[in-house]
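# With the input below, show me the fold.
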Amino acid sequence: QVQLVESGGGLVQAGGSLRLSCTASGSTLSSYSLGWFRQAPGKEREFVATITWSGNTYYADSVKGRFTISRDNANNTVSLQMSSLKLEDAAVYYCARHLRGSYYGFSSYDYWGQGTQVTVSS
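Numbering: from 1, shown residues only. The predicted structure is shown next:
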């Protein structure tokens with residue numbers, strides 16, 4: 001059974017930075033693409049970023065240039081470095097394992113973490 005556990009969320013001022021991490025157990029993730037999604041209250045879950053098994057990265061336009069996704073296969077971890085945070089970045093952030101299909105759709109991912117809250121204050 002694959003388990004994904006996110007950490008690193010918290011309260012940050014607008015313009016600040018935060019680093020999220022997601023550690024997997026029960027499976028080696030090195031051969032999978034891994035993604036981050038987020039969901040704000042009253043909104044649908046949306047794609048944030050994905051890193052493929054080979055290290056290629058994809059970002060939502062809204063975070064491009066501000067967020068960086070990376071992976072550490074030795075530690076079975078994927079991270080999301082978030083900089084220049086905006087109020088609209090506040091959400092619960094989820095990591096997920098990509099199974100097949102488009103990297104941008106949440107239905108393409110099979111295992112999800114429980115989420116970590118990111119709050120951005122003005």
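
# Please count neighbours and contacts with C-alpha atoms only from this point.
Will do.

# could you list every residue that touches the nearest residue to N75 once chain neighbours are set aside?
Of all residues not flanking N75 in the chain, T23 sits nearest, at 7.6 Å (CA to CA, 6 or more residues apart in numbering). Residues near T23 by CA atoms under 8 Å, 6 or more residues apart in numbering: L4, V5, E6, N75, N76, T77, V78.

# swap in A90?
A40, Q117, V118, T119, V120.

# Quick check on the residue nearest in space to the middle of the chain: phi, psi?
The centroid of the chain falls nearest to W36 when counting by CA atoms, centre = their mean (2.3 Å). Phi and psi for W36, reported as degrees, to the nearest 10, are phi -120, psi 140.

# Quick check: it touching R45?
No. Counting by CA atoms under 8 Å, W36 stays clear of R45, with 10.2 Å between them.

# Specify the local secondary structure of V118.
Secondary structure of V118, reduced to three states by DSSP: H, G, I helix; E, B strand; the rest coil: strand.

# And the helix or strand where the residue nearest to N75 lies, how far out from the chain middle?
T23 is part of strand 18-25 when elements are defined by DSSP states H and E. For strand 18-25, the gap between its own C-alpha mean and the chain's C-alpha mean amounts to 8 Å (CA atoms, centre = their mean, to the nearest Å).

# do stretch 18-35 as well
Taking CA atoms, centre = their mean, one finds stretch 18-35 lying 9 Å from the centre of the chain it belongs to.

# Dump that stretch to CSV, keeping only the CA atoms.
Below are the C-alpha coordinates for stretch 18-35, written out as CSV (Å, rounded to 0.1, in the frame of the first residue of the first chain):
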residue,chain,number,x,y,z
LEU,A,18,7.6,28.0,1.9
ARG,A,19,8.9,24.5,1.1
LEU,A,20,6.6,21.5,1.0
SER,A,21,7.8,18.0,1.1
CYS,A,22,6.1,14.7,0.3
THR,A,23,7.6,11.4,1.5
ALA,A,24,6.4,8.1,0.2
SER,A,25,6.3,4.7,1.9
GLY,A,26,5.2,1.3,0.6
SER,A,27,6.6,1.9,-2.8
THR,A,28,9.6,3.2,-4.6
LEU,A,29,8.7,6.3,-6.5
SER,A,30,11.7,6.6,-8.8
SER,A,31,9.9,5.2,-11.8
TYR,A,32,6.8,7.4,-11.4
SER,A,33,6.0,10.9,-12.1
LEU,A,34,4.9,12.9,-9.1
GLY,A,35,2.7,15.9,-8.9
